[in-house]
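1. what follows is a predicted protein model with its sequence.
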Amino acid sequence: MSKEPYIKQPTLYILLFLLLLVAYIQSFNGEWHYDDFPNILENTPLHLTELTLTTLKGTFFAYPGKEGTLLRPVSNLTFALNWFFHQDSVVGYHLVNFFIHFLTAVFLYKSCLLILFSPKIQLKAHKNASLIALLATLFWALNPIQVQAVSYIVQRMACLATFFTILGIWSYLQARMTRPAQRRKQVIYYCSTLISFLLALGSKENAVLFPGSIVLIEFFILREDVRLTKQSLLILSAGFLFILGCTLALAGPKIFLSIFDSYTGRSFTPFQRLLTQSRIVTFYLSQIFFPAPSRLSLTHDVHLSTSLFFPFTTLSSIVFLTLLVIFSFRYHKKQPLLSFAILFFLFNHTVESSFLNLEIIFEHRNYLPSLFLFLPLAALLGRSIHHYQQSNRLIFLFLSAGASLLVLLFLVGTFERNKAWLTERSLWEDSLKKAPGHSRSYVNLAHGYYQRDNNDNNKKAFELYWQSLDKYAPNPWKARLAAYGSLGYIMFRYGKYEKALKFYDQALSVAKDKPYGNLTAGILSDKANTLWIAGKKQEALNLISGLAQARPKKGVYLQQYGEMLIGMNRLAEGMIILRHVISEFPMTSTEYRKALLDFALIYARLDSMKKSSFYMRLADRLGVPVVPSSLCFIEASLLAGKKEKTGQAMQHILYKITWAELIAILEERSPNTPILPLNYPYLLQYAEEWLTEQKTP
């Protein structure tokens with residue numbers, strides 16, 4: 001093999017970096033979106049406050065919904081490290097995602113060069129190898145379809161799996177092209193291949209296909225012939241058994257038995273999903289080669305394939321994909337790059353585009369499969385530019401300008417697509433415009449509205465949630481549960497507690513979740529709060545008691561239970577629960593900080609002002625919401641006979657809310673009334689006296 005020219009080309013990498021930076025720079029301030037919340041923001045085991053072996057190890061088992069299971073530990077570890085340094089500031093997370101994307105592009109370039117220098121491909125007279133590899137890399141890295149993987153923070157999982165995959169492929173190509181005499185160097189590259197595979201597998205499960213990708217490279221790039229000899233069959237069998245073993249190790253033997261059971265509540269069957277994926281994969285190809293931002297969305301309206309002939313594009317898509325496979329095997333000698341690129345793309349879609357119980361369509365699933373898809377096109381352009389460079393200057397300039405224009409169009413398309421990902425509102429407005437028949441767009445856009453707490457936004461949110469009820473949803477019961485639950489919360493905000501309770505009951509009636517499951521637990525917690533504010537305190541206590549006992553590892557329910565016990569004057573029981581919260585949950589968690597305020601109140605009432613002050617100061621240092629914290633401070637100060645210290649706390653409250661809002665809270669008729677066991681009549685009397693004093697000259 002000739003000496004690798006890219007080693008002495010730092011200018012090329014700088015150019016690649018700058019082009020990617022221009023395309024993605026505005027995304028660095030993009031907000032948290034959708035699955036970011038449960039996977040990162042609400043995933044407290046990832047919220048590291050110290051770097052120790054114990055805390056780092058704990059992040060390996062922090063995958064939401066499957067706590068205690070070793071799943072995607074590499075991705076979880078990177079999120080935890082981000083949290084340690086940046087907490088919930090998005091910029092640090094986006095920068096990490098961007099550099100992963102850049103490094104993936106670098107190793108894609110290096111891998112493409114090695115492929116072009118391999119004896120089988122080099123024999124096809126591939127001139128301009130560096131230009132071909134660069135174009136293939138730019139067409140992939142600047143393609144607007146990759147925005148969902150790079151700018152969507154949680155999809156770092158897909159990015160990391162792809163990075164380690166391409167690193168492993170590069171290592172394998174280096175090992176195979178190293179001279180036999182350099183045995184030590186060859187062993188290092190093979191070890192690098194294995195380590196890369198394990199890291200990819202620890203990032204996302206679809207990396208289990210890595211051995212199959214190596215087999216494709218071996219047979220379609222490195223070997224002259226693709227005959228199924230005994231040796232070939234042995235390699236294929238070993239690869240299959242290896243993938244099977246990894247699957248069983250990751251998910252256990254029950255995975256194959258539970259595939260069909262897991263479809264309970266889905267709007268499609270395994271057979272319908274498999275048929276539909278033929279159309280989805282064909283659609284992915286059209287998006288990749290024509291990635292106009294108007295064709296890209298987080299959600300898509302997809303009509304399910306119920307048979308080979310409905311819709312009619314199902315059969316034609318199956319025929320099209322079958323012909324691609326036949327072509328790849330039939331013409332692998334004449335068109336090795338094209339054959340390899342097609343099979344690599346289709347093979348790496350076999351996990352997420354098969355009968356497995358996953359969502360129907362997501363664009364980030366193309367991030368890994370599309371790695372080499374532009375290599376044949378780049379080779380055609382590179383060879384043509386080389387051919388006409390001397391023979392026809394006009395055609396040479398035309399082709400060069402065309403390649404440059406294509407790169408520029410991809411860059412502009414990525415820049416434009418990133419605009420949709422800047423805020424939650426812009427993302428879901430974009431999705432709603434492109435997929436008006438999908439409930440997810442309505443629900444998430446509505447969620448963004450009701451987070452901005454005012455009447456107009458609440459009304460708009462209510463309308464969107466209501467509209468979502470008759471739209472398509474991959475999991476109809478989950479979508480309805482979310483919509484009814486949110487409708488209940490909006491009614492709660494309006495102070496219409498009976499209507500809120502009816503919506504919560506509707507949400508629980510459609511749920512197919514297990515009792516006290518992840519989804520129903522949140523509804524039960526909100527219902528308990530509503531009952532408490534509505535004055536039905538014993539019902540609220542009974543409800544939250546059952547929830548806390550069923551979910552003892554969820555501090556938010558324990559803390560809520562402890563507060564309600566104290567509010568019912570059962571101080572000893574409440575203190576036992578709250579001590580458990582403080583001892584078992586991290587200091588950064590919301591429930592921990594609220595428990596500190598609870599203890600400050602309890603000890604103030606027990607006339608132990610030293611302990612009360614200790615808990616209050618600790619809560620302030622950790623950061624707690626102004627209104628409950630200030631009300632807690634006021635009550636504790638009044639109980640201690642230090643009325644002179646309360647005026648500043650009242651002013652702090654009135655910086656945040658209006659006087660009318662404060663009175664509504666103290667009269668316990670506001671949905672924003674803290675569940676804290678405050679003496680509201682006592683505080684109301686003080687507030688009225690304080691206002692009178694302010695008006696007195």
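-> Arrived safely, thanks for sending. Everything quoted here is computed from the prediction, not taken from an experiment.

2. how about low-confidence regions in the stretch 151-300 of the chain?
-> For the stretch 151-300 of the chain, residues meeting the criterion pLDDT under 70 lie at 225-233, 235-236, 239-240, 243-244, 246-261.

3. tell me which residue is most central in this protein.
-> For the chain, the residue nearest the mean C-alpha position is Val154 (2.9 Å; C-alpha atoms, centre = their mean).

4. next one: it from Val581, what distance?
-> According to C-beta to C-beta, to the nearest Å, Val154 stands 28 Å off from Val581. Where you see a C-beta, it was placed from the backbone N, CA and C, and this is true even at glycine.

5. what mean pLDDT does stretch 103-113 get?
-> The average of the pLDDT scores along stretch 103-113 is 97.

6. and it, how far from the chain's centre?
-> 25 Å (C-alpha atoms, centre = their mean, to the nearest Å).

7. would you indicate which residues of that stretch are buried?
-> Thr104, Ala105, Val106, Phe107, Leu108, Tyr109, Lys110, Ser111, Cys112, Leu113 (16 or more other C-beta atoms under 10 Å).

8. would you mind giving these as a markdown table with distance to Ala649 added?
-> A markdown table is the format used below for these (distance: C-beta to C-beta, whole Å):
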| residue | distance to Ala649 |
| --- | --- |
| Thr104 | 52 |
| Ala105 | 54 |
| Val106 | 55 |
| Phe107 | 57 |
| Leu108 | 58 |
| Tyr109 | 60 |
| Lys110 | 62 |
| Ser111 | 62 |
| Cys112 | 64 |
| Leu113 | 66 |
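
9. sitting in strands, which of the residues you listed do you find?
-> Applying DSSP state E to the buried residues of stretch 103-113, no entry is found in strands.

10. for those residues, which one is nearest Asn679?
-> Using C-beta to C-beta, Thr104 comes nearest to Asn679 of the buried residues of stretch 103-113, at 58.8 Å.

11. surely that closest one touches Ile169?
-> No - contact criterion C-beta atoms under 8 Å: Thr104 and Ile169 do not qualify, at 11.1 Å.

12. and for the spatially closest residue to Val22 that is not a sequence neighbour, the neighbour number?
-> Distances taken as C-beta to C-beta, 6 or more residues apart in numbering put Leu411 closest to Val22, at 6.4 Å, once the chain neighbours are dropped. Neighbours of Leu411 under the rule other C-beta atoms under 10 Å: 20.

13. so which helix or strand takes in Leu411?
-> helix 393-420 (DSSP states H and E).

14. export whichever helix or strand comes after that helix as CSV, just CAs?
-> Tracing the chain C-terminally past helix 393-420 and defining elements by DSSP H and E, one meets helix 424-434 next. Coordinates of each C-alpha in helix 424-434 appear next as CSV, following Å, rounded to 0.1, in the frame of the first residue of the first chain:
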residue,chain,number,x,y,z
GLU,A,424,-39.0,23.5,21.7
ARG,A,425,-41.6,25.7,20.1
SER,A,426,-39.8,26.0,16.8
LEU,A,427,-39.2,22.2,16.6
TRP,A,428,-42.8,21.2,17.3
GLU,A,429,-44.2,24.0,15.1
ASP,A,430,-42.1,22.6,12.3
SER,A,431,-43.2,19.1,13.0
LEU,A,432,-46.9,20.0,13.2
LYS,A,433,-46.6,21.8,9.9
LYS,A,434,-45.1,18.7,8.2
